[in-house]
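Novice: mind folding the following:
(one chain, ligands or ions: 1)
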Amino acid sequence: MLAAAGIRRPNRALANPNGDPSPSPLLLGVDYYPDQTPEALWDEDARMMAEFGFTNVRIAEFAWALMEPVEGKFDFSWLGRAVQTLHKYNIAVILGTPSAAPPPWLTAKYPEIVEVNAQGAPLHPGGRRFTCPTNKTYRRLSLAIAGQMARTFADAPEVIGWQIDNELTLSSSPRCYCNYCQAGFQEWLRSKYGSLDNLNRTWGTVFWSQTYTDFSQVPVPLPSGGDPNPSLALDYNRYQSYANTSYLEEQLAVLRKTCPRHFVTTNNVGLPLDLIDLRSLYEKLDFVAFDNYPGFFEMLLHEQSKSSPVSWDYIYTATALGHDFARSLHGKPFMIMEQQSGKAGQRTFSPQPNKGQLRLWTYQTIAHGAMGVNYFRWDTATFGAEEYWHGILNHDRSKSPGFDEIKQTVKELKALGAEVLNASYPAETALVFDYDSDWALQIQPGHSGLSYTSQITSWYGAIASIRSGIDVIAPGADLASYKIVFAPVVYVLSEAQAAKVRSFVQSGGVFISNFRLGAKNEFSQMARTPLPGPLRDVMGVTIEDYVPIDSAKQSVKFSSALAGADGECGIWADVLQPTTAEVLGSYTSGAHAGRVAITVNSFGKGRAVYIGADLDPASLTRVLRSFSVLAGVKPLLDVPSGVEVTVRRSDRKQWIFLLNHTEAAQTVNIPGPHTDLLTGESRTGSVSLGAYGVRVLQAS
Ligand SMILES: [Zn+2]
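Specialist: Numbers count the residues shown, from 1 in each chain. Predicted coordinates:
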């Protein structure tokens, strides 16, 4: 399976007790904490995990204090015994390097390694993820423990791979603003711009008398009595992403050299969170590994929204967006390193998932391209900040409410086997996600209600209703394999990215974008040409005015080509002046009544659509769907609302995944005879789905 996924084959990994390599090693495991568990229980735990069906564990990613109790004095004896105990039951091991949480001796001796937050205040030891990504001392100490671990376990037959660190930047303070980061930023800028003249010109530092005469004068965007230079602020986001990625890559280099037969990855959470450029972070790793907690996500949103309920349609759609993003990062199957297995939380509990949801959420990862799943966690901690994160065993080591359901799911996934779990995920549709546009809009949203990730999530939801595969791609990606590309709020657009879009449309593709297209270049300077900047000819329009909307309501009337009820325009209205484009919608009220809101332009063999209005969800869905039909994208199946359908393919076979995210029974019509791989039943005509039910169908 690992080879099929294009990753390193582990050394003797997952061999059975007879020493024969397993023909189909799978990554269906659990996160385990022998460092937090009395040694007398390790054997029982390993035996129970094996009986449960787990193939592997991830361990040690927060155990620095036990592995290096004194600086330079390493003790891996306990970890070696834990690894051997697991191996006794044929459970393979993914080791985590422990740099997300340094021990107290380290912060006492080197207090300068702590992060400084966006208000300029240093963080304090006691939690986790409170260290600076630039600080050379912390990098040296992180490398020392990772290197010693690697040398100790390089030839251990039980170890198959590594997770570097844990959830880089995922904390209440995702950026560091310390003096070390300032110096690192200045070096990064020197490398990027070459000269101060170039930097001053590109950033426009003449504004507010910010012209720098030495790189050492360049500040970080801490509070300074006024908003920072937008170009500096965007570059600082990029620098922080670079600093974290290069921090990870230092450990990666040691692991590659010392453990060449092991795979190496890291874990993080993907969209709609956007703290670090995950395309860069995962670029040199063997495969992508994400953490997945839909119930915890629901609780967070519920707490943020106070009393208003959060729709499960939104939760499962946003979760699917994260999975499609994970798969698209490397364009191949990914792993879930932490999968919710019960109630979860730090200070408050997310509710116990309803019966069937733990299984459903696991299948949702597989349906979107996961090849393996590790559940978080085996037992539930009785001490520490994560006592509320329930595992497969309760605090008293009895079976959790999800125990039997997860066990059944693991059994089913093993039966599905490597061919299904490694299958590809076909997509004719792409959604562009761009960190530059996201971060630049956070710096200057233009409207207090305008959020890039909200726009991405609502566009993804609209596109997902088409029921076809979606890749989530970078701007500037190769577009040739797609029939239609959706790109909302492309606030930052380079000439090179525009050239890709022009070529795609010229060759017959359909490109759909909306307001703020091309407003800034990649240096965060406003376009000096009429909008939409370098894509004016492709879109066939000029933006006559752009209008943030507070209280005045605007409506949009659609032309016969998009026939439907009038739409509502939310927080933004671009007023369009078609040059070669055809009008598809106009504003009907307010100061811009009668002016153009939506256009389509024929360009080369393709078409380009500009949606100037911030359309309400129903209208947006109808408009995006109509152009998908025009582009020749067909639904995989017609399914009821609340049901997902995806397809995975191998060279010779195809599997349909049906996922019912509702508590109501659903029926889906299927084309021709199919076998349900989970039940073995033959089905023709239609299949039923119970509450939170799942079907995996293969054509008979
Ligand atoms: Zn720092």
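
Novice: ok, and what's touching stretch 596-605?
Specialist: Identification of contacts with stretch 596-605 by CB atoms under 8 Å, 6 or more residues apart in numbering yields 502, 505-508, 537-541, 556, 558, 561-562, 569, 573-578, 580-587, 607-613, 623, 627. No exception for glycine: its C-beta is placed from N, CA and C like everyone else's.

Novice: out of these, which are inside strands?
Specialist: For the contacts of stretch 596-605, the ones inside strands are 541, 556, 558, 569, 573-578, 582-587, 607-611, 613, with DSSP state E as the criterion.

Novice: can I get the buried part of those residues as one PyMOL selection?
Specialist: The PyMOL selection below is limited to those of those classed as buried (16 or more other CB atoms under 10 Å):
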select buried, resi 541+556+558+569+573+574+575+576+578+583+584+585+586+587+607+608+609+610+611+613
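
Novice: how about L95, secondary structure?
Specialist: For L95, the assignment made with DSSP: H, G, I helix; E, B strand; the rest coil gives strand.

Novice: and for F290?
Specialist: With three-state DSSP as the basis, F290 sits in strand.

Novice: go on, the one 5 residues further on?
Specialist: Using three-state DSSP, the three-state assignment for G295 comes out as helix.

Novice: ok, it - contacts?
Specialist: For G295, the contacting residues are 340, 343-344, 350-351, 353, 357, by CB under 8 Å, 6+ apart.

Novice: pLDDT at it, what is it?
Specialist: Looking at G295, its pLDDT stands at 94.

Novice: nearest spatial neighbour of it, chain-adjacent residues omitted?
Specialist: Closest residue to G295 apart from its sequence neighbours, by CB to CB, 6 or more residues apart in numbering: S350 at 4.4 Å.

Novice: how many other residues sit next to the residue of the stretch 251-400 of the chain found nearest the ion?
Specialist: Closest contact between the stretch 251-400 of the chain and the ion, by CB to the ion, is at I276 (14.3 Å). Look at I276: counted by other CB atoms under 10 Å, it has 25 neighbours.

Novice: what's the answer for K520, then?
Specialist: Neighbours around K520, by other CB under 10 Å: 24.

Novice: need the contact list for it.
Specialist: 440, 491-493, 526-527.

Novice: at 6 Å what do you get?
Specialist: Listed by CB atoms under 6 Å, 6 or more residues apart in numbering, the contact set of K520 reads 491-492, 526.

Novice: helices of the stretch 501-650 of the chain, residue ranges please.
Specialist: In the stretch 501-650 of the chain, the helices defined using DSSP state H, counting those that start in this stretch lie at 536-539, 617-630.

Novice: correction: the stretch 1-150 of the chain
Specialist: For the stretch 1-150 of the chain, the helices defined by DSSP H, counting those that start in this stretch occupy 42-52, 64-67, 77-88, 104-109, 136-153.

Novice: want to throw those into CSV with mean pLDDT and mean neighbour count?
Specialist: Below are these laid out as CSV (pLDDT from 0 to 100; neighbours: other CB atoms under 10 Å):
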stretch, mean pLDDT, mean neighbour count
helix 42-52, 98, 17
helix 64-67, 98, 19
helix 77-88, 98, 18
helix 104-109, 98, 14
helix 136-153, 98, 19
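
Novice: how about those, which one is nearest the ion?
Specialist: Of all these, helix 136-153 sits nearest to the ion, with 9.0 Å by CB to the ion.

Novice: what about that closest one and the ion, any contact?
Specialist: No - figure legend: helix 136-153 not in contact with the ion (CB under 5 Å from the ion); closest approach 9.0 Å.

Novice: with K557 as the reference, measure out to the residue lying farthest from the centre of the chain.
Specialist: For the chain, the residue at maximal distance from the C-alpha centroid (CA atoms, centre = their mean) is G594, at 40.8 Å. Per CB to CB, to the nearest Å, G594 is found 10 Å from K557.

Novice: could you restrict the contacts of stretch 596-605 to the ones contacting the ion?
Specialist: Applying CB under 5 Å from the ion to these, none is adjacent to the ion.

Novice: what's the burial count for T599?
Specialist: T599 has 24 nearby residues by other CB under 10 Å.

Novice: correction: R261
Specialist: R261: 15 surrounding residues under other CB under 10 Å.

Novice: ok, now L170?
Specialist: L170 has 17 nearby residues by other CB under 10 Å.

Novice: for it, give me the pLDDT.
Specialist: The model's pLDDT for L170 equals 95.

Novice: what does S305 give?
Specialist: pLDDT recorded at S305 is 81.

Novice: same check, this time on G6
Specialist: 46.

Novice: highest average neighbour count across the helices of the stretch 501-650 of the chain?
Specialist: helix 536-539 (a mean of 22; mean count of other CB atoms under 10 Å).

Novice: for that one, what is the average pLDDT?
Specialist: 98.

Novice: how about stretch 412-424?
Specialist: In the prediction, stretch 412-424 has an average pLDDT of 96.

Novice: make a PyMOL selection of whichever of the contacts of G295 turn out to be buried.
Specialist: Of those, the buried ones go into a single PyMOL selection, burial set by 16+ other CB under 10 Å:
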select buried, resi 340+343+344+350+353+357
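
Novice: so can I have a markdown table of the contacts of G295 showing distance to F603, secondary structure and pLDDT?
Specialist: Output for the contacts of G295, formatted as a markdown table (distance: CB to CB, whole Å; DSSP: H, G, I helix; E, B strand; the rest coil; pLDDT from 0 to 100):
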| residue | distance to F603 | secondary structure | pLDDT |
| --- | --- | --- | --- |
| Q340 | 46 | strand | 98 |
| K343 | 53 | coil | 97 |
| A344 | 49 | coil | 95 |
| S350 | 48 | coil | 93 |
| P351 | 50 | coil | 92 |
| P353 | 48 | coil | 97 |
| Q357 | 46 | helix | 98 |
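
Novice: what helix or strand does the residue in the stretch 301-450 of the chain that the ion sits nearest to sit in?
Specialist: The ion sits closest to W439 of the stretch 301-450 of the chain, with a gap of 18.1 Å, by CB to the ion. Using DSSP states H and E, W439 falls within helix 435-443.

Novice: helices or strands up against that helix?
Specialist: With contacts taken as 3 or more CB pairs under 6 Å, 6 or more residues apart in numbering; DSSP states H and E, helix 435-443 sits against helix 230-258, helix 452-464.

Novice: how about residues contacting it?
Specialist: Outside of helix 435-443, the residues within contact range by CB under 6 Å, 6+ apart are 230, 233-234, 237, 274, 277, 452, 490-492, 524.

Novice: how about stretch 558-574?
Specialist: 447, 449, 515, 543, 546-549, 554-557, 584-585, 612-616, 619, 622-623, 626.

Novice: now it, how far from the centre of its chain.
Specialist: 31 Å (CA atoms, centre = their mean, to the nearest Å).

Novice: average pLDDT for it, rounded please.
Specialist: For stretch 558-574, the per-residue pLDDT averages 94.

Novice: done for today, thanks.
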